[in-house]
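> let's see this in three dimensions:
(one chain, ligands or ions: 1)
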Amino acid sequence: MQIKNDLLLRVIKGEKVERTPVWLMRQAGRILPEYRAVRESVSGFIELAQTPELAAEVTIQPVDLLGVDAAIIFSDILVVPEAMGLPYEMIEKKGPWFPDTIGSAKDLKRLQIADPAESLNYVLEAIRLAKKGLNGRVPLIGFAGAPWTIFAYMVEGSGSKTFSKARAMLYQNPVLAHQLLEMITQTTIKYLKAQVQAGANVIQVFDSWAGVLPPYQYREFSMKYIRRICEAITEAPVTVFAKGAYFAMEDIKDLPCEVVGLDWNMDIATVSKQLNGEKVLQGNLDPAALYAADDVLVAQTKKMLDQFQGDRHIANLGHGVYPDISPDKVKLFIQTVKDYSRTKNKA
Ligand code: CP3
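Model (predicted):
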């Protein structure tokens, strides 16, 4: 299907565009009262994510309500461990929690490389319904966690400041760690291919916990598997968002991916230089800037757009939008990107 607002896809192809496209990580979620209403109609996040009609509905909400240039399918990175045989729960105000974790070769035997057409069909169905509902208005982004980030949750069992259990395994049992990473990678590749088949136009790989590893381990236990995913997903452009991985930019430059996501700690000029114009950049306003007064938010957004200097940029925050941010601030951010980048591109 022809996509009407295809700014995002044209930027990724390297075309000159009339203005900078903009979307937000976690745009489908608690910032919107309309999302909270849908969520309250079910038992919680997991039921919402597993009900394709509702997942499609909240995927489309930010397109209607905020005016973003892309939708991202409403799901979670933790559906992958669940499909492999390790279910999770979402604890209100606390986040994800796994009743069972992986700590030994025996635990690994309980896992399988998942067939997405079976155990993740609810996500694929949500993608198909979201595509129908979007009716070509904007592109749809599919996603998965990077193998290291998924591994971190499967071994740790929950979020953590240090992920010390997960990192301990890299030292104590690197063979087991690689076996688990291999299973996650194979599942993820099949899952992302199925997402594209179902209608996703762009794929984003979230390595949210890249920043907890030293560079040499990052290369061995994360980049290696992200590279496999980038090499395998040839059907759609891929964005790699490795939060905190400033030290890995030289390696990221060499990945066969089209877009690199920057978090808000990353210096735009430094990263641009390291990537040497070879990637489209996505990001990276500090999510806390949306707590600022309107004039400050506008000034910070313009400053960010100036620093990215033009065509090969997709505007976003440096991480997911915080749930207590006012939708009006999000709208102001989006409108500023649209208006200011249009005047710049004319000049
Ligand atoms: O709008 C979108 O970005 C699409 C939906 C999306 C969700 N999770 C929905 C969600 C996406 C892309 C994710 C990815 C995700 N999930 C990541 C990678 C991105 C990142 O933030 O670094 C990670 C690490 C997770 C794991 C996860 N899921 C955590 C740590 C939490 C709890 C934190 C929180 O915000 O409550 C979740 C829950 C979650 N995933 C929510 C949403 C909308 C909140 C659940 C709710 O509605 O109560």
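> Phe151: what secondary structure?
Three-state assignment for Phe151 (DSSP: H, G, I helix; E, B strand; the rest coil): helix.
> can you pull the contacts of it?
Neighbouring residues of Phe151 by C-beta atoms under 8 Å, 6 or more residues apart in numbering: Ala166, Ala177, Leu180, Leu181, Ile184, Phe221. Just so you know, the C-beta spots here come from the backbone N, C-alpha and C atoms, and that holds for glycine as well.
> in this protein, which spans are strands?
With DSSP state E as the criterion, the chain has strands at 71-72, 89-91, 95-97, 140-145, 202-207, 238-242, 259-261, 280-285, 313-317.
> which of the contacts of Phe151 sit farthest apart?
Pairwise distances across these peak at 12.4 Å for Ala166 and Ile184 (criterion: C-beta to C-beta).
> returning to that earlier point: let me have the strands of the chain in a markdown table, adding distance to the ligand as columns.
A markdown table is the format used below for the strands of the chain (distance: least, C-beta to the nearest ligand atom, whole Å):
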| stretch | distance to the ligand |
| --- | --- |
| strand 71-72 | 4 |
| strand 89-91 | 6 |
| strand 95-97 | 3 |
| strand 140-145 | 5 |
| strand 202-207 | 4 |
| strand 238-242 | 8 |
| strand 259-261 | 10 |
| strand 280-285 | 13 |
| strand 313-317 | 10 |
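> tell me which of those sits most buried.
Neighbour counts (mean count of other C-beta atoms under 10 Å) averaged over each of the strands of the chain peak at strand 313-317, with a mean of 27.
> list the contacts for the residue of the stretch 151-300 of the chain found nearest the ligand?
With C-beta to the nearest ligand atom as the measure, Ser208 is the residue of the stretch 151-300 of the chain nearest to the ligand, at 3.1 Å. Going by C-beta under 8 Å, 6+ apart, Ser208 touches Ile77, Gly145, Ala146, Thr149, Lys243.
> just give the number of residues close to the fourth one.
When you say that, I think you mean Thr149. Residues near Thr149, counting by other C-beta atoms under 10 Å, number 25.
> try the last one
Here the neighbour count serves as a burial measure; for Lys243 (other C-beta under 10 Å) it reads 21.
> any idea how far Gly283 is from the nearest residue to it once chain neighbours are set aside?
Closest residue to Lys243 apart from its sequence neighbours, by C-beta to C-beta, 6 or more residues apart in numbering: Asp263 at 4.8 Å. Separation of Asp263 from Gly283 (C-beta to C-beta, to the nearest Å) stands at 7 Å.
> list residues touching both of these two?
Counting by C-beta under 8 Å, 6+ apart, the residues touching both Asp263 and Gly283 are Gly318.
> about what we covered before: could you dump the contacts of Phe151 to CSV with distance to Val238 and pLDDT?
CSV is the format used below for the contacts of Phe151 (distance: C-beta to C-beta, whole Å; pLDDT from 0 to 100):
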residue, distance to Val238, pLDDT
Ala166, 24, 98
Ala177, 24, 98
Leu180, 22, 98
Leu181, 18, 98
Ile184, 17, 98
Phe221, 20, 98
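> how near is Val17 to Thr59?
Taking C-beta to C-beta as the measure, Val17 falls 24 Å from Thr59.
> so which of the contacts of Phe151 belong to helices?
Ala166, Ala177, Leu180, Leu181, Ile184 (DSSP state H).
> restrict those to contacts with the ligand.
Contacts with the ligand are made by none of the ones in helices among the contacts of Phe151, judged by C-beta under 6 Å from any ligand atom.
> Pro237: which of those is nearest?
Ile184 (22.0 Å).
> give the contact list for that closest one.
Ile184 touches Val80, Pro81, Met84, Pro147, Ile150, Phe151, Met154, Tyr225, counting by C-beta under 8 Å, 6+ apart.
> if any of these are buried, give me the PyMOL selection for them.
Here is the PyMOL command that selects the buried residues among the contacts of Ile184 (16 or more other C-beta atoms under 10 Å):
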select buried, resi 80+81+84+147+150+151+154+225
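> turn the contacts of Ile184 into TSV, columns for pLDDT.
Shown next, in TSV, are the contacts of Ile184 (pLDDT from 0 to 100):
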residue	pLDDT
Val80	98
Pro81	98
Met84	98
Pro147	99
Ile150	98
Phe151	98
Met154	98
Tyr225	98
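> let me know the closest of the contacts of Ile184 to Ala293.
Nearest to Ala293 out of the contacts of Ile184 is Ile150 (C-beta to C-beta; 38.8 Å).
> contacting residues for the closest one?
Counting by C-beta under 8 Å, 6+ apart, Ile150 has contacts Ile77, Leu78, Val80, Pro81, Ala144, Ile184, Thr188.
> please list all residues in contact with the third one.
Taking C-beta under 8 Å, 6+ apart, we find Val80 in contact with Ala114, Leu120, Ala144, Gly145, Ile150, Ile184, Thr187, Thr188, Tyr191.
> can I get those in CSV including distance to Leu305?
Below are the contacts of Val80 laid out as CSV (distance: C-beta to C-beta, whole Å):
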residue, distance to Leu305
Ala114, 41
Leu120, 37
Ala144, 29
Gly145, 29
Ile150, 33
Ile184, 36
Thr187, 38
Thr188, 33
Tyr191, 34
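> re the thing from before, columns mean pLDDT on top of the strands of the chain, output as JSON lines?
JSON lines is the format used below for the strands of the chain (pLDDT from 0 to 100):
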{"stretch": "strand 71-72", "mean pLDDT": "98"}
{"stretch": "strand 89-91", "mean pLDDT": "96"}
{"stretch": "strand 95-97", "mean pLDDT": "96"}
{"stretch": "strand 140-145", "mean pLDDT": "98"}
{"stretch": "strand 202-207", "mean pLDDT": "98"}
{"stretch": "strand 238-242", "mean pLDDT": "98"}
{"stretch": "strand 259-261", "mean pLDDT": "98"}
{"stretch": "strand 280-285", "mean pLDDT": "98"}
{"stretch": "strand 313-317", "mean pLDDT": "98"}
